[in-house]
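Enquirer: need a 3D model of the following:
(chains A and B)
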Amino acid sequence: AQTVTQSQPEMSVQEAETVTLSCTYDTSENNYYLFWYKQPPSRQMILVIRQEAYKQQNATENRFSVNFQKAAKSFSLKISDSQLGDTAMYFCAFILNAGNNRKLIWGLGTSLAVNP
Amino acid sequence: ETGVTQTPRHLVMGMTNKKSLKCEQHLGHNAMYWYKQSAKKPLELMFVYSLEERVENNSVPSRFSPECPNSSHLFLHLHTLQPEDSALYLCASSLSTGLSGYTFGSGTRLTVV
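Expert: A predicted model of the protein is given here:
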């Protein structure tokens, strides 16, 4: 079965500091893509970062970076220089690059509060 | 207008009402999705349309009826809902493989009274 586990239901960080959100996943497949999505109070799910499993180099997008450990099936998100606007739910997900019926497998999310 | 647009933003309906949720995208995507988001639960994929054909129906009760008249529009028709159907309903779109990620709308907050 394909699963995603986010072990931290809630986290908080001070503005300008760095925080890491954890994510582990389980799949027997070798070819897949991983994502982190952010859902602020406005409710719109926004794609933060995407990682191709066959690439060893960790993806980065400005203040957001991942630590992708394929053997450990771990995909953590690091937010540097946290800003108040980073307050949101963060969801980890992956999709298999196989078959005709691809769908995102989601974690339960981590609620991040950035404090002034 | 860019992105994925959902209307209405909020909806309160009685259990005997009939209403529809609308989703529209002008991103050139050819796959569209309906998700149900409830507190403390994983996102639930309800329906998937690819090239305007329904390719997935995850055992969703028949009181939810999707419609995809073209690749830019997706509807979710609601009738005789139950209070437990109260949730945030999210629409998303993607290229057919989904490998680039999905683009989501802001959702419809549905309350069934």
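
Enquirer: next one: phi and psi at residue A:86?
Expert: phi -80, psi -10 (degrees, to the nearest 10).

Enquirer: distance of it relative to chain B?
Expert: Distance of residue A:86 to chain B, computed by CB to the nearest CB, to the nearest Å: 18 Å. Bear in mind the C-beta positions are built from the backbone N, C-alpha and C, glycine included.

Enquirer: would you confirm that that residue contacts residue A:113?
Expert: No. The pair residue A:86 / residue A:113 is not scored as a contact, 9.3 Å apart, by CB atoms under 8 Å.

Enquirer: those two: who's more crowded?
Expert: Remark: of residue A:86 and residue A:113, residue A:86 carries more neighbours, 20 against 13, as counted by other CB atoms under 10 Å in any protein chain shown.

Enquirer: helix or strand for the residue nearest to that one when sequence neighbours are not counted, which one?
Expert: Of all residues not flanking residue A:86 in the chain, residue A:114 sits nearest, at 5.0 Å (CB to CB, 6 or more residues apart in numbering or on different chains). Assigned by DSSP states H and E, residue A:114 falls within strand A:110-115.

Enquirer: now do residue A:54
Expert: Going by DSSP H and E, residue A:54 is not part of any helix or strand.

Enquirer: list the contacts for it?
Expert: For residue A:54, the contacting residues are residue A:31, by CB atoms under 8 Å, 6 or more residues apart in numbering or on different chains.

Enquirer: now do the helix or strand where residue B:69 lies: distance to the chain's middle.
Expert: Element membership of residue B:69 [criterion: DSSP H and E] is strand B:64-70. Between the centre of strand B:64-70 and the centre of its chain there are 9 Å (CA atoms, centre = their mean, to the nearest Å).

Enquirer: what residues of that strand count as buried?
Expert: B:64, B:66, B:68 (16 or more other CB atoms under 10 Å in any protein chain shown).

Enquirer: and the first one, what is it in contact with?
Expert: This means residue B:64. Counting by CB under 8 Å, 6+ apart, residue B:64 touches B:46-47, B:76-78, B:85.

Enquirer: can you get me a residue count around residue A:22?
Expert: When neighbours are counted by other CB under 10 Å, residue A:22 comes out with 17.

Enquirer: er, residue A:12 I mean
Expert: Other residues lying near residue A:12 total 12 when counted by other CB under 10 Å.

Enquirer: for chain A, what's its nearest residue on chain B.
Expert: residue B:104 (3.8 Å; CB to the nearest CB).

Enquirer: isn't that residue right up against residue B:90?
Expert: Yes. Between residue B:104 and residue B:90 there is a contact under CB under 8 Å: 5.6 Å.

Enquirer: what's the closest non-adjacent residue to residue 3?
Expert: Assuming you mean chain A. Using CB to CB, 6+ apart and skipping residues adjacent in sequence, the residue nearest residue A:3 is residue A:26, 4.7 Å away.

Enquirer: not quite, go with chain B.
Expert: Closest to residue B:3 by CB to CB, 6+ apart is residue B:103, at 6.4 Å.
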